[in-house]
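Peer 1: turn this into a model:
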Amino acid sequence: MKNLFLLGTLSFSIAFGLGLVVEKDVTKSTIIGGIATISTISSAFVLTKKSERELKNTHSHTENLKSIKTQILSLKNQRRELVQAIDSKTKSKITIEAEYKSIVVEVDRLKEEIKSLNTQRENLQDVIVNHEVQDRQITQKITVKTKIARPIKKTKKTILYNCILEALENSTDFYNKNNHGTFESYLQSLQKPAEQLWYSYRSNQVKVSYSEPSIQAVYLIRYYPHYAYMNFQILEIIYSQNLFQKFINETLEVCLFGAGPCPEIVGLSKFLSDKHQNIKKLTVNVYDIASDEWTLSRNITEKFVIPEYWSGDLQLNSNYLDLCESNSLHSIKTTIKKSQIFIFQNCLNEIYNISTVQTNLNFLLNEIPLGSVIIIIDLNYRQNVSIIDQLKQQVSNRDDFKIYSPPLEDIKIQPCPNLPQLVRQNLLTGKGKLVPRSKDIDCIFISLHKISVKSL
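Peer 2: Purely as a prediction, here's the structure:
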């Protein structure tokens, strides 16, 4: 404002002076000076305002430039930081990849080492198994030699129990001195499994897992002798009816169904020794849903028990077969065609599909050869009676079979007598559910003899 005042004064003075010179009139000169002053001040004011705006614009532009520079600097700093972060991550990634490769290499090395160890373990197991087999074979050879060396009195009623106890004591699959201590202690350890098995047999439809050696040992001692003796007695009853006249050859082939450890072979062997000395070779085909589980006990039957009752040549074949599966007997049709005896003993109460079993039995009736016999023996359970009654009704409508099935009251089957004191004192002590069998066995049976070819 001070500058505008000075400029206006100067303009007035100059215009006023020039007005005096030109007009020679003070009043006009004053008016001219005032007009010049106003014009000068207006122009100057306008110019000043413009300059201020330009100055402000320049200042604003400068500020924008400073802001942009600041932003650029910030972006540069961010870029530098980002580059540093990327470099750091890249280095970490390279480190991780290197560690991963190292781990992969180590894992591969460990896999190879595990594979090598597994191979060594398998080799060691093979060596152990081979040694066990050799030891078992040596033990069996020694046992057989011992048996042959002493006189065999087959009329001695405790011989079956003695064979079983001797086999259990000499088999590491059952009795291990290091684990069980004395053999008496081993028998005492079987008391609980004996009670468990007793409870399992209380239902009409029995479900038992025979995979445990302790369960098999209990079965061999507590049930096996009675079932072997029962089989022998029933074969003698059938023989007394002149129903075994066709067995005149030197060879006999038999099919056993649901036989487990095969006490039936014991009864059959004793029966052949007493009644059919002409038979020199016996082939037994065993079919069971738990065929593999019973291998240990079946070995005892074949290696320890049968040689005491029969001196002929025994060939024992074991196979898996489920009677409750449809058409399960079709796969053994060839064997059926060349066999003479078919025995079902103590297996009906474990059947879970009766209708399918009836169909399979009907197939068996049609396929067995002329002169052969089907024998079904079981305990007097409701399901067993029902199955045999249905089969009897089915066969009675045919003319190609002779049926022999005496009334229950006429069947008197004794248990295997003379239980050893060793068992009475340590296993079947008479306490709780450990009572030895003493009463007659309440059983049922039917024999079906094929006498002709079925008429069409």
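
Peer 1: alpha carbons only for contacts and neighbour counts from here, please
Peer 2: OK.

Peer 1: where does the stretch 151-300 of the chain dip in pLDDT?
Peer 2: Scanning the stretch 151-300 of the chain for pLDDT under 70 picks out 151-157, 204-205.

Peer 1: so where do the strands sit in it?
Peer 2: Along the stretch 151-300 of the chain, counting by DSSP state E, counting those that start in this stretch, strands occupy 251-257, 281-288.

Peer 1: these two touch, right, residue 430 and residue 437?
Peer 2: No - using Cα atoms under 8 Å, residue 430 makes no contact with residue 437, being 9.8 Å away.

Peer 1: so if I had to pick from those two, which one is more boxed in?
Peer 2: The residue with more neighbours, out of residue 430 and residue 437, is residue 437; 17 against 12, by other Cα atoms under 10 Å.

Peer 1: check contacts around the more buried one.
Peer 2: residue 415 (Cα atoms under 8 Å, 6 or more residues apart in numbering).

Peer 1: phi, psi for it please.
Peer 2: Phi and psi for residue 437, reported as degrees, to the nearest 10, are phi -70, psi 130.

Peer 1: for residue 387, same thing?
Peer 2: Dihedral angles (degrees, to the nearest 10) for residue 387: phi -60, psi -40.

Peer 1: likewise for the one 10 residues further on?
Peer 2: Taking degrees, to the nearest 10, you get phi -90, psi 0 for the backbone angles of residue 397.

Peer 1: swap in residue 341?
Peer 2: Torsion angles at residue 341 (phi, psi; degrees, to the nearest 10) stand at phi -130, psi 140.

Peer 1: count of neighbours near it?
Peer 2: 22.

Peer 1: state the pLDDT value of it.
Peer 2: Looking at residue 341, its pLDDT stands at 96.

Peer 1: report how many residues lie close to residue 90.
Peer 2: Residue 90, neighbours per other Cα under 10 Å, totals 12.

Peer 1: in terms of helices and strands, where is it?
Peer 2: Assigning secondary structure by DSSP states H and E places residue 90 in helix 26-149.

Peer 1: list of residues touching stretch 361-369?
Peer 2: Contact partners of stretch 361-369, identified using Cα under 8 Å, 6+ apart, comprise 329, 333, 336-340, 450, 454.

Peer 1: can we see that at 10 Å?
Peer 2: Residues outside stretch 361-369 that contact it (Cα atoms under 10 Å, 6 or more residues apart in numbering) are 323, 327-330, 333-342, 355-359, 373-374, 391, 394-395, 400-401, 448-454.

Peer 1: list the buried residues in it.
Peer 2: By 16 or more other Cα atoms under 10 Å, the buried positions in stretch 361-369 come out as 361, 363-365, 367-369.

Peer 1: same list, those, but as JSON lines with pLDDT and secondary structure please.
Peer 2: Converted to JSON lines, the buried residues of stretch 361-369 look like this (pLDDT from 0 to 100; DSSP: H, G, I helix; E, B strand; the rest coil):
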{"residue": "361", "pLDDT": "94", "secondary structure": "helix"}
{"residue": "363", "pLDDT": "96", "secondary structure": "helix"}
{"residue": "364", "pLDDT": "96", "secondary structure": "helix"}
{"residue": "365", "pLDDT": "96", "secondary structure": "helix"}
{"residue": "367", "pLDDT": "96", "secondary structure": "helix"}
{"residue": "368", "pLDDT": "96", "secondary structure": "coil"}
{"residue": "369", "pLDDT": "95", "secondary structure": "coil"}
